[in-house]
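A.B. asks: Compute the structure for the input listed below.
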Amino acid sequence: MLYRLVLCVFLSFLASFSMAEQMSAEDEKKLAKTVVELERSVAVLQLSTASLGDYQSLATKIAHVNALEYRVNFLGNLTFLLFMSLVVFFFKLRHQQKRLLALEQREIEKSNQQESKDVK
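C.D. replies: Numbers count the residues shown, from 1 in each chain. Sure, this is the predicted structure:
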């Protein structure tokens with residue numbers, strides 16, 4: 001009987017704990033949504049009270065950011081191409097080393113055969 005009572009208390013504790021977790025997760029989602037809506041409202045309010053000079057400076061800053069984005073994209077592409085050329089270079093170098101090793105092996109075998117013929 002005592003085991004059943006302990007089991008019931010344990011299960012009720014788990015059920016209440018999981019319900020509390022669900023409630024807090026829903027509250028966090030609502031709070032995050034409210035914060036996003038408030039930030040958007042503040043941004044709209046700031047833009048509605050902005051002057052022509054503010055819009056012009058904002059356009060200048062956006063153009064500057066776009067130019068920086070193009071530079072970053074170019075440098076990223078250049079870095080990628082350099083990396084790929086290094087990869088290709090190392091594969092070619094490895095292939096060349098294998099060919100050189102095979103050629104050296106053939107030369108060694110020929111010299112060994114030549115020496116064995118000379119000994120006879």
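
A.B. asks: separation between the most centrally placed residue in the chain and residue 63?
C.D. replies: The centre of the chain sits closest to residue 76, judged by C-alpha atoms, centre = their mean, with a distance of 13.8 Å. To residue 63, residue 76 is 20 Å away according to C-beta to C-beta, to the nearest Å. Glycine gets a C-beta too; all of them are placed from N, C-alpha and C.

A.B. asks: Could I get the full set of helices for this protein?
C.D. replies: Remark: helices of the chain, listed N- to C-terminal, are 2-48, 52-119; assignment by DSSP state H.

A.B. asks: Quickly, which of those helices bottoms out on average pLDDT?
C.D. replies: Among the helices of the chain, helix 2-48 carries the lowest mean pLDDT, at a mean of 71.

A.B. asks: Can you spell out the domain ranges of the protein, please?
C.D. replies: Domain assignment for the chain, taken from automatic domain parsing, gives 1-49, 52-120.

A.B. asks: And for residue 29, the neighbour number?
C.D. replies: 10 (other C-beta atoms under 10 Å).

A.B. asks: and if you look at residue 51?
C.D. replies: Residues within reach of residue 51, counting by other C-beta under 10 Å, total 8.

A.B. asks: for residue 107, same thing?
C.D. replies: Around residue 107 sit 10 other residues, with neighbours defined as other C-beta under 10 Å.

A.B. asks: same deal with residue 92?
C.D. replies: In terms of burial, residue 92 registers 10 neighbours under the definition other C-beta under 10 Å.

A.B. asks: do the same with residue 67
C.D. replies: Residue 67 has 10 nearby residues by other C-beta under 10 Å.

A.B. asks: and what of residue 31?
C.D. replies: When neighbours are defined as other C-beta under 10 Å, residue 31 has 10 of them.
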